[in-house]
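> Sequence isn't available, so here's the structure alone:
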């Protein structure tokens, strides 16, 4: 799979290349996040408003942000991310969190341990709350840098029928099957102590297949 971080424009990585000019000032995607938004927004929930085009980042919202819905959408995105395996995991006594918190630490989490835990607690559901209680140290280094496209940016003509949650006849490309298998392997290696949810969007509409990942990493 292609990783967005490896894309270069004019010799600069996509995230740091100054692609935009606003008021005569050239800006990169990173500049907009950190030098403008993070610097001026006093609520860390804004972290989840940036889609980074990777599987390990916050989800892309279906609605555009506006003055009326921005707070609600940011909180929804925060809740989804914090309670996903992309946001928090447990390995023994160590809490593993997404690397996106490392970038935001300068602005919102002066103590990457206690401050970040307090933030996560605001959105944590029961299983994540238990993970927070049963861990001590924090490592903000978890990342899934692959492009946020189960087909890896490619469209393969062949598909295979699969059955998920008793729904038969669904078809997926081999590339999607490879991603799900890789995720299953990762979960088995982590020795998961909680359930997670896998959502696969099958079309540009609203059809989704949802399964539960058990402790052994298998999708049920």
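Yes, it's here. Note that the structure is predicted; figures quoted are calculated from it, not measured.

> What is the burial count for residue 145?
A count of nearby residues for residue 145, using other CB atoms under 10 Å, gives 17. Yep, even glycine has a C-beta here, placed from its N, CA and C like the rest.

> can I assume it sits in a helix?
No - per DSSP: H, G, I helix; E, B strand; the rest coil, residue 145 lies outside any helix segment and is coil.

> Test my guess that it contacts residue 57.
No - counting by CB atoms under 8 Å, residue 57 is not a contact partner of residue 145; they are 9.2 Å apart.

> all strands for the protein, in order.
For the chain, the strands defined by DSSP state E cover 8-9, 12-13, 20-22, 25-27, 88-91, 94-98, 138-142, 160-164, 167-172, 196-201, 208-213.

> rank these by pLDDT, which is bottom?
Ranked by mean pLDDT, the strands of the chain end with strand 208-213 at the bottom, a mean of 47.

> Next one: residue 91 from residue 136, what distance?
Counting by CB to CB, to the nearest Å, the separation of residue 91 from residue 136 is 12 Å.

> If you count surrounding residues, which of the two has more?
More crowded of residue 91 and residue 136, by other CB under 10 Å: residue 91, with 16 against 9.

> list the residues that contact both of residue 145 and residue 57?
Taking CB atoms under 8 Å, 6 or more residues apart in numbering as the contact criterion, no residue touches both residue 145 and residue 57.

> Okay, now the unreliable bits of this structure?
1, 150-175, 177-178, 180-181, 183-184, 186-220 (pLDDT under 70).
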